[in-house]
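Visitor: 3D, please:
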Amino acid sequence: MLQRTGTLLLLLSLLLVGTPALPVLAQSTPVATPPPALTISTPYPAQVIGVGENVTLPLNLRAPSAQIVNLAVANTPTGWTASFRGNNQIVESVYVEPDSVATVDLRLEPPDNVAPGSYTFTVQAQGENAQAELPVTLTVKEKVPARLTLETDLPTLHGRPDTTFRYDVTLKNEGDEDLTVTLSAEAPSTFQVTFKLNGQEVTDLPLAANETKRLSVEAQPNNDIAANSYPMTIKAQSNDVSATLDLTAEVTGQANLVVTAPDGRLSGEAYAGQTTPFQIVLQNTGTAPVRQIELSASNPGGWSVEFDPKQVDEIAPGGQTQVTAQVMPADQAIAGDYMVRITPRPQDASSKSVDFRITVLTSTLWGIVGVALIAVAVGVVGLAVNRFGRR
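Guide: So this is what the prediction gives:
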């Protein structure tokens, strides 16, 4: 009997050992991680500053429950001053409400003789039951002083009085500070100067540290400006720093040829089949010489028009010259008004054609001949009537 009982106990033991353990429900259920008791942060914990520059860092604090958090800065480098500021006052602690962010500013001021290099601070926040730390690193460098430059590849442009002189200018801030730049120009009163950035007219523009912007400087002269060289200076100014650039507009002048008559009347009279001279005046009302002027005419069929001289070599600005046009209407031209178009063709200049009205008259000789023929005809008829009328 005892042997059987031992055997049963042995079998039960083996069954218990070989059976896998049932899964525990608590192990499959995720355990929520408790929120941190206290946190402190800043958007930019590492910054580069210039020698002698103060820094203000915004600090954000969070806590799961309402509490007062004490603030301190550990490992402050020698000579540096660290202080916390809130509501424009120096503070040593901040009240943090649950599920909200409390803000405070950390102001770091270097000593007057600070040397370039890296400086590390440790911001400490002590709550009721927890504390948090935030390392802050400032790298001090010799700051490049503010400096503006204006440059262009083509400071001198050539054009006519109706040309808009456009200069591509590069404006650069070579310092480590952001600037607001004011643009201006010193130019002759006959020019209007404007500045454009990306097609928009500007007089002031922001220019970040080490930023470069391309400007279009447009100088528009008056249409009646004389041919000459016109210097102008553009200026970029920001506080105590400025830059200037000298530009030049070379106005080459523009010729303008006008055709008229000595008395201003573009009309005259001529007899059919006879050559009649007409005086034509060529005037240069432009600001550049007119050269190699050739004259031509468009006239009615059977007419002829010849010019003396046929070509004018040059007319200076404001000058004029006289040309004779020999006009001969067609032999069979009927009395009345006709148009003869005269066209000057100068070299490298503008001109316009003009119409001369020519009134064609019949010759008095033909009138006398006509009267005589009529008289002869009347006489012949009279003789015929006398002779045959008696019969």
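
Visitor: where do the strands sit along the stretch 1-150 of the chain?
Guide: Per DSSP state E, counting those that start in this stretch, the stretch 1-150 of the chain carries strands over the ranges 39-41, 46-50, 55-62, 67-74, 81-86, 89-91, 93-96, 102-109, 117-126, 131-141, 148-151.

Visitor: List of residues touching the longest one?
Guide: Where contact means C-beta atoms under 8 Å, 6 or more residues apart in numbering, the residues beyond strand 131-141 that reach it are 36, 38-42, 45-51, 55, 57, 59, 106, 108, 110, 114-125. All C-beta spots, glycine's among them, are computed from the backbone N, C-alpha and C.

Visitor: on that earlier part again, ranking the strands of the stretch 1-150 of the chain by mean pLDDT, which is last?
Guide: Looking at the strands of the stretch 1-150 of the chain, the lowest mean pLDDT belongs to strand 46-50 (a mean of 89).

Visitor: Check the offset of it from the chain's centre.
Guide: Remark: strand 46-50 is offset 36 Å from the chain centroid, using C-alpha atoms, centre = their mean, to the nearest Å.

Visitor: Same check on stretch 303-322?
Guide: 45 Å.

Visitor: Show me which residues of it are buried.
Guide: Residues 303, 305, 307, 312, 315, 317, 321 are the ones in stretch 303-322 that count as buried (16 or more other C-beta atoms under 10 Å).

Visitor: quick check, nearest of these to residue 266?
Guide: Checking the buried residues of stretch 303-322 against residue 266 with C-beta to C-beta, the nearest one is residue 305 at 14.2 Å.

Visitor: In its sheet, which strands sit next to whichever strand or helix holds the closest one, and in what direction?
Guide: Per DSSP states H and E: residue 305 is located in strand 304-308. Partners of strand 304-308 in the sheet, by DSSP bridges, are strand 320-328 (antiparallel).

Visitor: Okay, now the unreliable bits of the chain?
Guide: 1-36, 363-391 (pLDDT under 70).

Visitor: rerun at 80
Guide: 1-36, 143-144, 223-224, 253-254, 287, 348-351, 362-391 (pLDDT under 80).

Visitor: Helices of that one, start to end?
Guide: 2-18, 25-28, 364-389 (DSSP state H).

Visitor: got a list of what residue 171 touches?
Guide: Contacts of residue 171 (C-beta under 8 Å, 6+ apart): 148, 149, 150, 181, 207, 212, 213, 214, 215, 236, 243.

Visitor: how close does the third one get to residue 330?
Guide: Residue 150 sits 69 Å away from residue 330, going by C-beta to C-beta, to the nearest Å.

Visitor: between these two, which one's more packed in?
Guide: The residue with more neighbours, out of residue 150 and residue 330, is residue 150; 21 against 16, by other C-beta atoms under 10 Å.

Visitor: Bridged to the more buried one, which residues?
Guide: residue 171.

Visitor: any idea how far it is from residue 241?
Guide: Distance from residue 150 to residue 241, by C-beta to C-beta: 12 Å.

Visitor: Turn the strands of the stretch 1-150 of the chain into CSV, columns for distance to residue 187.
Guide: Converted to CSV, these look like this (distance: least, C-beta to C-beta, whole Å):
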stretch, distance to residue 187
strand 39-41, 55
strand 46-50, 38
strand 55-62, 44
strand 67-74, 57
strand 81-86, 50
strand 89-91, 53
strand 93-96, 59
strand 102-109, 47
strand 117-126, 49
strand 131-141, 41
strand 148-151, 15
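
Visitor: looking at those, which is closest to residue 223?
Guide: strand 148-151 (28.8 Å).

Visitor: residues making contact with that closest one?
Guide: Residues from elsewhere that reach strand 148-151, judged by C-beta under 8 Å, 6+ apart: 169-174, 179, 181, 207, 234, 236, 238, 241-245.

Visitor: switch the cut-off to 6 Å
Guide: Residues from elsewhere that reach strand 148-151, judged by C-beta atoms under 6 Å, 6 or more residues apart in numbering: 169, 170, 171, 172, 236, 241, 243, 245.

Visitor: Show me which of those is closest to residue 159.
Guide: Minimum distance to residue 159 across those is 17.2 Å, recorded for residue 169 (C-beta to C-beta).
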